[in-house]
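A.B. asks: the sequence and its predicted three-dimensional model are supplied below.
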Amino acid sequence: MAVRDDGDPATTNERTEAQMKPDIHPQYVVTEVTCSCGNTFTTRSTAKSGSIHVETCSACHPFYTGKQRVLDTAGRVAKFQQKYAKAAAKKAK
């Protein structure tokens with residue numbers, strides 16, 4: 001397959017000089033990520049230490065695991081109403 005050379009960077013195979021400015025970009029190194037659940041994986045990052053510690057990851061986050069904790073909002077609303085019904089009754093007197 002022949003590549004057209006019409007000056008369009010998307011269709012040409014040749015690279016001219018360096019595409020990025022030198023000495024302004026951070027080093028992009030291999031980094032080990034450790035989650036509080038014990039899961040570890042390797043990625044690339046600009047973190048100089050080469051390791052990152054996180055609280056949640058795809059192995060333990062409820063969105064990915066499907067084990068979402070449902071809050072009892074109806075019970076909380078009832079408790080709130082009981083608490084402030086007494087205050088409203090005292091204020092009405």
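C.D. replies: Thanks, I have the structure now. Residues are numbered from 1 along each chain as shown.

A.B. asks: C-alpha coordinates for stretch 25-33, PDB please?
C.D. replies: These are the backbone C-alpha positions of stretch 25-33, laid out as PDB (Å, rounded to 0.1, in the frame of the first residue of the first chain):
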ATOM      1  CA  HIS A  25       7.800  17.400  29.500                       C
ATOM      2  CA  PRO A  26       8.000  15.300  32.700                       C
ATOM      3  CA  GLN A  27       9.400  11.800  32.600                       C
ATOM      4  CA  TYR A  28       6.700   9.200  32.000                       C
ATOM      5  CA  VAL A  29       7.800   6.100  33.900                       C
ATOM      6  CA  VAL A  30       6.400   2.600  34.700                       C
ATOM      7  CA  THR A  31       4.400   2.900  38.000                       C
ATOM      8  CA  GLU A  32       3.000   0.300  40.300                       C
ATOM      9  CA  VAL A  33      -0.400   1.200  41.700                       C
END
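
A.B. asks: residues making contact with that stretch?
C.D. replies: Applying Cβ atoms under 8 Å, 6 or more residues apart in numbering, the contact partners of stretch 25-33 are 40-48, 50-54, 57. For the C-beta atoms, the positions are set from N, CA and C on the backbone; glycine is no exception.

A.B. asks: buried stuff in that stretch?
C.D. replies: Along stretch 25-33, these residues count as buried under the neighbour rule (16 or more other Cβ atoms under 10 Å): 31, 33.

A.B. asks: what's the average pLDDT for it?
C.D. replies: Averaged across stretch 25-33, pLDDT comes to 90.

A.B. asks: quick check, distance from that stretch to the centre of its chain.
C.D. replies: In terms of Cα atoms, centre = their mean, to the nearest Å, the centre of stretch 25-33 is found 17 Å from the chain centre.

A.B. asks: ranking helices and strands of the chain by mean pLDDT, which lands last?
C.D. replies: helix 62-65 (a mean of 77; mean pLDDT, DSSP states H and E).
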